[in-house]
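A.B. asks: A predicted structure for the sequence below; I have some questions about it.
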Amino acid sequence: MLPLAIAAFPIPVVTAAFHVVITCAGVYVTGLYLDGAGWDRKNIRLCEPTAKVLFSALPVIHMYAVNNLVQRDNRLYQCPVYKKPCRTDLTYITSILLRTNQSPDHWTLRGVAALCSL
């Protein structure tokens, strides 16, 4: 087993709303919301948020651990996941990699994060 310190979580986003596939490795996660960004369902990536929409629902994602020693793509944003909107080290869970067309620094400066509850 790899310790979480050297494991990364590449997140293939499942386009269907419901999956009944049981996998040997990983879990399917639902109920995450994006704060500070929108989700482009057609192109499966981060996008600018719609006007007057504070939170966007993420589709079902498949989380599994891989070795973190591999070089990462520069078009993946390392999105932090928090339990609640109050972002502290006590509510931090993990980070997930989400595709984007813009630089990941753009989303970092906007403070984009995924939340488990609103």
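C.D. replies: Arrived safely, thanks for sending.

A.B. asks: so Asp105 is in which element?
C.D. replies: helix 104-110 (DSSP states H and E).

A.B. asks: for the next helix or strand after that helix, packing partners?
C.D. replies: Downstream of helix 104-110, the next assigned helix or strand under DSSP H and E is strand 113-115. When contacts are defined as 3 or more C-beta pairs under 8 Å, 6 or more residues apart in numbering; DSSP states H and E, strand 113-115 packs onto strand 33-35, strand 76-82. No exception for glycine: its C-beta is placed from N, CA and C like everyone else's.

A.B. asks: pLDDT of the helix holding Asp105, averaged?
C.D. replies: For helix 104-110, the mean per-residue pLDDT is 93.

A.B. asks: excluding its backbone neighbours, what's nearest Trp39?
C.D. replies: With sequence-adjacent residues excluded and distances taken as C-beta to C-beta, 6 or more residues apart in numbering, Trp39 is closest to Ser56, at 4.9 Å.

A.B. asks: just the buried residues of the helix or strand containing the one you found, please?
C.D. replies: Here Ser56, judged by DSSP H and E, is contained in strand 55-57. Residues of strand 55-57 classed as buried: Phe55, Ser56 (neighbour count, 16 or more other C-beta atoms under 10 Å).

A.B. asks: and stretch 108-118, by the same measure?
C.D. replies: Under 16+ other C-beta under 10 Å, the buried positions of stretch 108-118 are Val112, Ala113, Ala114, Leu115.
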